[in-house]
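Q: here are the coordinates; sequence isn't available:
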């Protein structure tokens, strides 16, 4: 048996490992294993809860939904819905809403632009020409210029006609 | 004019009985009908694909054929990773049950052989991680055919420690050494050295490149050489 060249460590190791192929289960193992497997499958089928069956069925249903045609149809419908919502006119804020704040002695007035495309854009502030010097209070004698309000003018409410008696 | 070769039989018309794997006993090489195929007949991969398709349609006999066909190969893989035959049986049950449940998700990009091996390797590695180092060895008997094996005869002729150890002691030492390897390295050694799979196939099963498989194999061999140094003199 010494005919071939001497084996090095690597060859000997691989030869030793190959010998593990001879470790074998008893004869008829595969058939017995299959029987056990079938029994287990049947038992699992019987023991399964209604919840797990429902879960499996819903998964199968969802898998059916994953077809490309369904995805495209659903996606297009969703996109159309979003576009419609975006294009619909939005409710405008109440016309003439005025934000007034006082800073450094000047009275500033801001109005809210009620145009539909940009409802929150602030209108440039116009300062009153008659600024009150610091430390002094506005008196009634001091001329007050009416603040200019930019934006849609509000109409005074017209008196409602009296209700007719029926 | 009649064609030279008969046209291949449609896959769906071949009865399962003709595809049945011969698994009487646990021969070293599981003999399948595929190894006796003539030109124009189904390859082993096509047979597997057909059986998978039928199993998906609810044909349990087709899945039974797959179980019978792959039990020897998967047993060898799992057994050599665990060194425990009871654990191997339990794990194999889990592997096939998982494969059956996931059959609808099997896309067929790789062969069924690769796919089911991947399930087996992952299931076994997860089990071994949970088990940590607490394991009891429960080994199968060595087939008496080893006494006629050319490699074994050569080893006993050239190595005194191997001859003196005897088969049972040698088997125990080999299993102990394998169990000292990290799980992922052990899987590579089992598939390459014991099952004779090529690097690429191991890489596909484990999701690694062939280079990484070679590297792990090199590292594992070095460790095994140190552990089995007495038998390698």
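A: Yes, it's here. No experiment lies behind these values; they were computed from the predicted model shown.
Q: near chain B, which residues of chain A show up?
A: For chain A, the contact set with chain B under CB under 8 Å from any CB of the partner chain comprises A:1-2, A:4, A:6-7, A:9-10, A:12-31, A:33-34, A:36-38, A:40-41, A:44, A:63. For every residue, glycine as well, the C-beta is placed using N, CA and C.
Q: in strands only, show me those.
A: A:23-24 (DSSP state E).
Q: among the residues of chain A next to chain B, which ones are buried?
A: A:7, A:9, A:12-17, A:19-25, A:29-30, A:33-34, A:37, A:41 (16 or more other CB atoms under 10 Å in any protein chain shown).
Q: what about the chain, any weak spots by pLDDT?
A: Assuming you mean chain A. Low-confidence segments of chain A, defined by pLDDT under 70: A:1-6, A:60, A:63-68, A:92-166.
Q: that's the wrong chain, I meant chain B
A: B:1-40, B:133-134.
Q: how about the strands in chain B?
A: B:141-142.
Q: for residue A:51, give me its contacts.
A: Listed by CB atoms under 8 Å, 6 or more residues apart in numbering or on different chains, residue A:51 has no contact partners.
Q: elements contacting the helix or strand hosting residue A:78?
A: Secondary structure assignment for residue A:78, by DSSP states H and E: helix A:68-87. Helix A:68-87 sits against no helix or strand, with contacts defined as 3 or more CB pairs under 8 Å, 6 or more residues apart in numbering or on different chains; DSSP states H and E.
Q: same thing but 10 Å
A: Applying 3 or more CB pairs under 10 Å, 6 or more residues apart in numbering or on different chains; DSSP states H and E, one finds that helix A:68-87 contacts helix A:50-65.
Q: which parts of the helix it packs on are buried?
A: Within helix A:50-65, no residue is scored as buried using 16+ other CB under 10 Å.
Q: stretch B:184-194 too?
A: For stretch B:184-194, burial by neighbour count (16+ other CB under 10 Å) applies to B:185-194.
Q: check these one by one and keep those near chain A.
A: When CB under 10 Å from any CB of the partner chain is applied, the members of those adjacent to chain A are B:189-190, B:192-194.
Q: in space, not sequence, find me the middle residue of chain B.
A: For chain B, the residue nearest the mean C-alpha position is residue B:73 (3.2 Å; CA atoms, centre = their mean).
Q: OK, contacts around that residue?
A: By CB atoms under 10 Å, 6 or more residues apart in numbering or on different chains, the contact list for residue B:73 reads B:30, B:113, B:116-117, B:120, B:195, B:197.
Q: and which of the residues you listed is nearest residue B:102?
A: residue B:116 (9.9 Å; CB to CB).
Q: I'd guessed that closest one sits against residue B:51; true?
A: No - assessed by CB atoms under 10 Å, residue B:116 is found out of contact with residue B:51, at 11.5 Å.
Q: what do these two both touch?
A: Joint contacts of residue B:116 and residue B:51 (CB under 10 Å, 6+ apart) are B:66, B:69.
Q: ok, residue A:45 to chain B distance?
A: 11 Å (CB to the nearest CB, to the nearest Å).
Q: run a quick neighbour tally on that residue.
A: 9 (other CB atoms under 10 Å in any protein chain shown).
Q: residue B:51 now?
A: Neighbours around residue B:51, by other CB under 10 Å: 22.
Q: which residue, other than its chain neighbours, is closest to it?
A: residue B:62 (4.6 Å; CB to CB, 6 or more residues apart in numbering or on different chains).
Q: run a quick neighbour tally on that neighbour.
A: Residues near residue B:62, counting by other CB under 10 Å, number 18.
Q: just checking, residue B:44 touches residue B:69?
A: Yes - contact criterion CB under 10 Å: residue B:44 and residue B:69 qualify, at 9.1 Å.
Q: more neighbours, those two?
A: residue B:69 (27 against 18).
Q: before we move on, the earlier item: and which of the buried residues of stretch B:184-194 is nearest chain A?
A: Nearest to chain A out of the buried residues of stretch B:184-194 is residue B:193 (CB to the nearest CB; 4.0 Å).
Q: the closest one contacts residue B:217, correct?
A: Yes - between residue B:193 and residue B:217 there is a contact at 8.2 Å, judged by CB under 10 Å.
Q: contacts only, for the residue lying closest to residue B:188 once chain neighbours are set aside.
A: Sequence neighbours aside, residue B:216 is the residue nearest to residue B:188 in space, at 4.7 Å (criterion: CB to CB, 6+ apart). By CB under 10 Å, 6+ apart, residue B:216 lies in contact with B:181-182, B:184-189, B:192, B:202, B:206, B:208.
Q: tell me how many other residues surround residue B:48.
A: Residue B:48 has 23 nearby residues by other CB under 10 Å.
Q: kindly report the same for residue B:138.
A: For residue B:138, using other CB under 10 Å, the count is 13.
Q: dump the residue contacts of the closest residue to it other than its chain neighbours.
A: The shortest distance from residue B:138 to any non-neighbouring residue, by CB to CB, 6+ apart, is to residue B:84 (4.5 Å). Contact partners of residue B:84, counting by CB under 10 Å, 6+ apart, are B:78, B:90-91, B:131, B:135-139, B:175, B:179.
Q: show me just the buried residues among those residues.
A: Neighbour counting by 16+ other CB under 10 Å classes B:78, B:91, B:139, B:175, B:179 among the contacts of residue B:84 as buried.
Q: measure the first one to residue B:91 for me?
A: Okay, so that is residue B:78. 5 Å (CB to CB, to the nearest Å).
Q: what's the neighbour count on the residue lying closest to residue B:56 once chain neighbours are set aside?
A: Residue nearest to residue B:56 in three dimensions, not counting chain neighbours: residue B:103, with 5.4 Å by CB to CB, 6+ apart. Neighbours of residue B:103 under the rule other CB under 10 Å: 16.
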